[in-house]
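K.L.:
One predicted model, sequence on top.
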Amino acid sequence: MSERPAIPGELCTCGRQALVVYVFEDEDKVREIGWCGLSNVSTLLPCRFCGSEVPHRSSWGDSEKCPDYQLVPAGERKG
């Protein structure tokens, strides 16, 4: 895993502007996940990624990222 500074438009899993992007390199793909630097904050609603009005939760009740999460939502891509 490595990290890099986020650029404008890259989002945290909570929907806020990311400060850092964590880069995970698997054998067959690269995944990037943004982090806003805030811990224990609620996810912005409605969800920026799927529109849900209900926070995403794991089966045991912890906050969880949206299954539709994208570092830069498709409708907000530049270029």
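P.N.:
Arrived safely, thanks for sending.

K.L.:
Return the backbone torsion pair for the residue nearest the centre of the chain.
P.N.:
With distances taken as Cα atoms, centre = their mean, Thr13 lies nearest the centre of the chain, 2.4 Å away. Backbone torsions for Thr13, taken as degrees, to the nearest 10, come to phi -70, psi -20.

K.L.:
ok, and the closest non-adjacent residue to it?
P.N.:
Lys65 (3.7 Å; Cβ to Cβ, 6 or more residues apart in numbering). (Glycine included, C-beta is placed from N, CA and C.)

K.L.:
Verify the stated contact: the residue nearest to the centre of the chain with Asp68.
P.N.:
No. The criterion here is Cβ atoms under 8 Å, and Thr13 misses it with Asp68 at 10.9 Å.

K.L.:
tell me the strands in this structure, going along the chain?
P.N.:
Along the chain, counting by DSSP state E, strands occupy 2-5, 20-25, 30-35.

K.L.:
now what about the first one, what contacts it?
P.N.:
Pointing back at strand 2-5 there. Contacts to strand 2-5, defined as Cβ atoms under 8 Å, 6 or more residues apart in numbering, come from residues 19-23, 25.

K.L.:
mean confidence score for it?
P.N.:
Across strand 2-5, the average pLDDT comes to 96.

K.L.:
likewise the last one?
P.N.:
For strand 30-35, mean pLDDT rounds to 94.

K.L.:
list the helices and strands it packs on?
P.N.:
Judged by 3 or more Cβ pairs under 8 Å, 6 or more residues apart in numbering; DSSP states H and E, the packing partners of strand 30-35 are strand 20-25.

K.L.:
So what angle separates the directions of the strand it packs on and strand 30-35?
P.N.:
160 degrees (axes from the mean of the first three to the mean of the last three Cα atoms, to 10 degrees).
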